[in-house]
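> only geometry, no sequence info:
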């Protein structure tokens with residue numbers, strides 16, 4: 001599968017034209033960041049968590065993003081309602097297993113969601129992806145203690161189980177599906193100092209999946225745009241605070257020339 005700057009930007013243009021609704025059941029920490037990132041790119045975000053409305057909201061969305069960062073019993077119940085509705089309507093489901101492996105509750109909730117309705121896309125760090133396949137790993141709360149390449153075998157196993165694209169994010173982002181592995185090598189170290197940017201990457205995967213049903217392509221495009229916007233932001237930032245603002249501006253102003261000049265993509269592990 002060949003992914004180019006032109007093909008990624010074509011998806012960006014589709015997002016800006018269609019403004020797909022991306023329904024996020026996500027965590028308290030990142031709601032503002034992810035909503036603003038989706039808006040800056042051109043999508044339309046909504047954060048709806050109540051059991052009484054999630055099915056109806058999912059029914060009008062272009063994608064459903066489930067992020068387990070701040071779990072509670074009521075939110076888990078709402079997640080399953082939304083996931084069921086997404087499956088009925090063939091709406092892409094994107095799962096972010098935040099902190100899987102840190103506690104048994106997080107890991108079990110993710111496994112239950114995957115078995116209930118296999119996601120179109122799973123995006124997590126190496127420790128989270130490994131935890132989903134039962135591999136022993138170490139986490140630092142919700143942060144990874146493993147390099148992204150360490151989770152490639154786990155990503156392949158998850159792809160075989162779900163049939164969806166699996167993204168292991170880190171210094172290098174790996175996107176695995178049945179057609180092979182794509183590497184995205186864009187990004188900047190300062191991005192790791194802003195909480196919620198990993199969750200933002202998952203939300204952007206939702207926007208891309210709403211306009212491109214090749215989920216490996218959609219994930220690769222989202223991670224490429226995410227990394228390049230981070231690089232552009234870092235050139236104007238003095239630290240994590242100004243990086244966050246500059247990142248939103250970079251998404252809003254994102255151009256095909258940015259992709260052509262910066263995209264670093266490869267195939268294979």
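Arrived safely. No experiment lies behind these values; they were computed from the predicted model shown.
> pLDDT weak spots in the stretch 51-200 of the chain?
136-146 (pLDDT under 70).
> And the strands in it?
63-67, 93-96, 121-125, 139-140, 143-144, 165-169, 173-177, 180-184 (DSSP state E, counting those that start in this stretch).
> For residue 229, find the nearest of these.
strand 180-184 (12.5 Å; CB to CB). Heads up, the C-betas are built off the backbone N, CA and C, glycines and all.
> got CSV for the strands of the stretch 51-200 of the chain, with mean neighbour count and distance to residue 156 too?
Below are the strands of the stretch 51-200 of the chain laid out as CSV (neighbours: other CB atoms under 10 Å; distance: least, CB to CB, whole Å):
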stretch, mean neighbour count, distance to residue 156
strand 63-67, 29, 22
strand 93-96, 31, 17
strand 121-125, 30, 12
strand 139-140, 16, 21
strand 143-144, 18, 18
strand 165-169, 30, 8
strand 173-177, 27, 6
strand 180-184, 20, 8
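> Let's have the ones you listed in CSV, adding distance to residue 258.
Converted to CSV, the strands of the stretch 51-200 of the chain look like this (distance: least, CB to CB, whole Å):
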stretch, distance to residue 258
strand 63-67, 23
strand 93-96, 24
strand 121-125, 22
strand 139-140, 32
strand 143-144, 27
strand 165-169, 20
strand 173-177, 17
strand 180-184, 14
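> so which of these comes closest to residue 19?
strand 63-67 (12.5 Å).
> so that closest one versus strand 121-125, what angle?
Between strand 63-67 and strand 121-125, the angle comes out at 30 degrees (axes from the mean of the first three to the mean of the last three CA atoms, to 10 degrees).
> Packing partners of strand 63-67?
strand 21-25, helix 73-89, strand 93-96, helix 197-211 (3 or more CB pairs under 8 Å, 6 or more residues apart in numbering; DSSP states H and E).
> residues contacting residue 118?
By CB atoms under 8 Å, 6 or more residues apart in numbering, the residues touching residue 118 are 161, 162, 163, 164.
> ranking these by neighbours, who comes first?
residue 164 (25 neighbours; other CB atoms under 10 Å).
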